[in-house]
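Novice: Just the structure for this:
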Amino acid sequence: MDAGPGLVVAAGAMTFANEWYQNGKFNWRIPVATILGAALVGGLAAFSPNSGKALGGIILIGAATAKFGGHSVVEELNVAINQGNKDVVGKPARKK
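Specialist: Numbering: from 1, shown residues only. The predicted structure follows:
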């Protein structure tokens, strides 16, 4: 079994949770796109396992750092971890 589809599912789960946390709404397009993306990466991994892992890793990093209308997953984690620390450089302002 290749790790590529698992990385895509992890990226989709992060994106879904971040969207839900920021907007308070379920965006059902994300799970559908995640399933399709995992299937495509799994198909690619059938021909070249290393390329499936590499593409899955790229998708995971992209999902963790991309800003879509708000804060990225990494920024949200930074705010959550350093919530009591007022000296955090580059701490994004939370939208209410």
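
Novice: Low-confidence bits of the protein, can you list those?
Specialist: By pLDDT under 70, the low-scoring segments of the chain are 1, 84-96.

Novice: Helices of that one, residue ranges please.
Specialist: Assigned by DSSP state H, the chain shows helices spanning 4-23, 29-47, 49-65, 73-81.

Novice: Kindly reformat those helices as CSV containing mean neighbour count.
Specialist: (Glycine included, C-beta is placed from N, CA and C.) CSV is the format used below for those (neighbours: other C-beta atoms under 10 Å):
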stretch, mean neighbour count
helix 4-23, 19
helix 29-47, 16
helix 49-65, 17
helix 73-81, 15
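
Novice: Check the gap between the closest residue to A39 other than its chain neighbours and N27 for me.
Specialist: Of all residues not flanking A39 in the chain, P5 sits nearest, at 7.4 Å (C-beta to C-beta, 6 or more residues apart in numbering). To N27, P5 is 21 Å away according to C-beta to C-beta, to the nearest Å.

Novice: swap in L44?
Specialist: 26 Å.

Novice: Next: I59.
Specialist: According to C-beta to C-beta, I59 and N27 sit 17 Å apart.

Novice: do the same with A33
Specialist: The spacing between A33 and N27, counted by C-beta to C-beta, is 10 Å.

Novice: likewise A13?
Specialist: 13 Å.

Novice: and what of G6?
Specialist: Distance, G6 to N27, using C-beta to C-beta: 21 Å.

Novice: circling back: check contacts around the residue nearest to A39.
Specialist: P5 makes contact with 38-39, 41-42, 45, 52, 56, according to C-beta atoms under 8 Å, 6 or more residues apart in numbering.

Novice: D2 too?
Specialist: Residues near D2 by C-beta under 8 Å, 6+ apart: 42, 45-46, 49, 52-53.
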